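Colleague: Provided below for reference: sequence and predicted model.
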Amino acid sequence: MGLQLECALITIIFLSIKLPVVSGSNGYKEYSYNLLNSLTDPKFYQSNVIPVTTESSNVSMTMQLQVLSIVAVSEKEQTLMTNNRLFMRWSDAYLSWDPSSFGNITSILLGQDTLWLPDVTVANTVQPSVQIGFPGLPCRVFHTGRIEWNPGVIIWTSCDLDVTYFPMDTQVCHILFETMTSWYEEVQIQVDEAEPIVLEQFKQNGQWDLIDSWGSSTYGLKERNRITFSFLLKRRRAYYLLNIVIPVLLLSFTGTLSLALPADAGEKMGMCLTVLLSYTVYLTIVSEELPNTSVQISVLSVYLTVLIAITTSTVGMTTIILRLHHKPETESVGPGTQKLVRILKKLTCTAKEDTPPKNSVSPVFVRRELTETTDTDTLGSRSTKVKDLCSDAISQEGIDTLTWQEVSKTLDCFLFLVMSSLSVLSTITVFVILFIGSEINKPDINR
């Protein structure tokens, strides 16, 4: 009898130890089901009703933006694409419970389609407005009614890019969030003042460097709420310097070199056309990077256009110089042209090179005139002609008679100096504007 009593006591003790474990597991499951049913019961909760207890109260929501990466910045389309995660917090007065009544459960996960969500959308999106997140996205609901909603979203927004200083530019882009229909008296959305934008997991972009970022809230009575996240982006310049700026800079020094070539060189015109074609190719490359707008004009595009104009003028001048160089010797150089050429020689410091010695008579000129008159004149008239020729030659002592070859050579030298000076001056001006002007006029974020 005593043995049976001991066995019974051992059995009771064993069951008393095991049963609470089993009943506790089943109890948590039951509490979870009961809590879920009580929170989502259509009799007590509707996702279309703003969760406020009085008519004068409102829902206050805090938003924080985590930027994961800058996907793309399009100068052509004037858009910014970013990969983000939103952290939104608010209190739902209809979703609170007493943890002691539900097995000390303090939080639960509910799908966003079963909850009331603030009607927040991206205001400056370039895509059709859609609901943030997806229907099955879980939201963390706490027993106090506090809700945490953390949807991931790729945001494609418009961004006014000022390409004046391309590729040395710095841009400011914004992402605007606002309530679609709710007024400020109903729903208040504000940024997290402590840390509006989170960059802990941000991955750098290959073309743009994120310099600064900030968030701010704007609202007013009978108006929709708006949150603005601003980004200061600076273009990474190495690619453009190596592939566009430096080649164009080197080409600017070759555009006028054709004027330095002798007129007898066969590649004088070919060199002009080759450089002109190179400028056209680079202008096409730059144009493909820039938007089709006339609001802002790139300084680099203007510079390339100026270089094309200089090179085109050089082609026309080279054509004229070659025509003058190959003029027949029977056509004499007019006195006005000779005077102009002598002035240009002085300006280019080449006047001493071609000046013949004084008191000299051209023997070729005398010999040619003597030959032409020998067959037609009599013996007596020959001596008269010789005297006249000698007196004419002596009267022209010290005068430099120019040839067309000398004219073309002088024009070559003068135009080379003028066009080269114009090219260098425009190059210095443009690069001062690009490097210094871009820093002086760099935009900033108004905090």
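Modeller: Perfect, I can see it now.
Colleague: Let me know the secondary structure of the residue lying closest to K76 once chain neighbours are set aside.
Modeller: The spatial neighbour of K76 that comes closest, neighbours along the chain excluded (Cβ to Cβ, 6 or more residues apart in numbering), is P291 at 5.4 Å. Every residue, glycine included, has its C-beta placed from N, CA and C. P291 falls in the coil class when you classify it by DSSP: H, G, I helix; E, B strand; the rest coil.
Colleague: Can you give me the distance of P291 to L273?
Modeller: 31 Å (Cβ to Cβ, to the nearest Å).
Colleague: So between these two, which is more surrounded?
Modeller: When neighbours are counted by other Cβ atoms under 10 Å, P291 comes out ahead of the other of P291 and L273, with 17 against 13.
Colleague: For burial, what's the neighbour tally of T280?
Modeller: 12.
Colleague: next structured bit after the strand or helix carrying it?
Modeller: If you go by DSSP states H and E, T280 is part of helix 268-289. Reading on from helix 268-289 to the C-terminus, the next helix or strand found by DSSP H and E is helix 299-325.
Colleague: What residues of the helix holding T280 count as buried?
Modeller: K268, M271, C272, V275, L276, S278, Y279, Y282, L283, V286, E289 (16 or more other Cβ atoms under 10 Å).
Colleague: Show me the helices in the protein, by range?
Modeller: 2-40, 238-240, 246-252, 268-289, 299-325, 335-347, 363-374, 379-395, 404-432, 438-440 (DSSP state H).
Colleague: For E148, which non-adjacent residue is spatially closest?
Modeller: R140 (4.2 Å).
Colleague: and the one you found, what is it in contact with?
Modeller: R140 makes contact with S107, I108, L109, I147, E148 under the criterion Cβ atoms under 8 Å, 6 or more residues apart in numbering.
Colleague: Do you know the pLDDT at the fourth one?
Modeller: You'll see I147 listed with a pLDDT of 96.
Colleague: what's the answer for I321, then?
Modeller: In this model, I321 carries a pLDDT of 87.
Colleague: measure the closest residue in space to it that isn't next to it in sequence to K339 for me?
Modeller: Of all residues not flanking I321 in the chain, S408 sits nearest, at 4.8 Å (Cβ to Cβ, 6+ apart). To K339, S408 is 17 Å away according to Cβ to Cβ.
Colleague: More neighbours: which of these two?
Modeller: Shown here are S408 and K339; by other Cβ under 10 Å, S408 has more neighbours (21 against 11).
Colleague: For L276, see how far away N150 is.
Modeller: Applying Cβ to Cβ, the value for N150 to L276 is 58 Å.
Colleague: In this protein, where is pLDDT below threshold?
Modeller: Scanning the chain for pLDDT under 70 picks out the ranges 1-26, 220-222, 266, 294, 351-400, 447.
Colleague: Give me the domain ranges for it.
Modeller: Following automatic domain parsing, one gets these domains for the chain: 59-236, 237-355+391-447.
Colleague: Comparing those, which stretch has the densest surroundings?
Modeller: Neighbour counts (mean count of other Cβ atoms under 10 Å) averaged over each of these peak at domain 59-236, with a mean of 17.
Colleague: which residues sit in contact with I108?
Modeller: S32, L35, L36, L39, R140, V141.
Colleague: The last one reaches G111, doesn't it?
Modeller: This means V141. No. The pair V141 and G111 does not pass the contact test of Cβ atoms under 8 Å, sitting 10.7 Å apart.
Colleague: Now find how far off-centre the longest strand that the chain contains is within its chain.
Modeller: Scanning the chain for the longest strand, with DSSP state E as the assignment, gives strand 59-74. Distance of strand 59-74 from the chain centroid (Cα atoms, centre = their mean, to the nearest Å) equals 22 Å.
Colleague: Then stretch 325-345?
Modeller: Worked out by Cα atoms, centre = their mean, stretch 325-345 lies 52 Å from the chain centre.
Colleague: who touches it?
Modeller: 263-264, 351, 354, 400-411, 413-414.
Colleague: ok, now stretch 283-297?
Modeller: Residues from elsewhere that reach stretch 283-297, judged by Cβ under 8 Å, 6+ apart: 75-78, 161-164, 166-167, 244, 298, 300-301, 304-305, 308.
Colleague: ditto for stretch 154-163
Modeller: Residues from elsewhere that reach stretch 154-163 (Cβ under 8 Å, 6+ apart): 71, 73, 75, 78-84, 122, 124-127, 169, 171, 173-176, 290-291, 296, 298, 443.
Colleague: Identify the bridge partners of the nearest residue to Q204 once chain neighbours are set aside.
Modeller: Excluding its sequence neighbours, the residue lying closest to Q204 (Cβ to Cβ, 6+ apart) is L210, at 7.5 Å. Assessed by DSSP bridges, L210 has beta-bridge partners L233.
Colleague: can I assume L210 is in contact with I197?
Modeller: No. L210 is beyond contact range of I197, at 9.7 Å (criterion: Cβ under 8 Å).
Colleague: what touches both of those two?
Modeller: Common neighbours of L210 and I197 (Cβ under 8 Å, 6+ apart) are V67.
Colleague: M88 versus the residue nearest to E148, what's the distance?
Modeller: 11 Å.
Colleague: shared neighbours of the two, anything?
Modeller: Common neighbours of R140 and M88 (Cβ under 8 Å, 6+ apart) are E148.
Colleague: Tell me how far stretch 184-204 lies from the chain's centre.
Modeller: The answer for stretch 184-204 is 27 Å, by Cα atoms, centre = their mean.
Colleague: Thanks again, I'm all set now.
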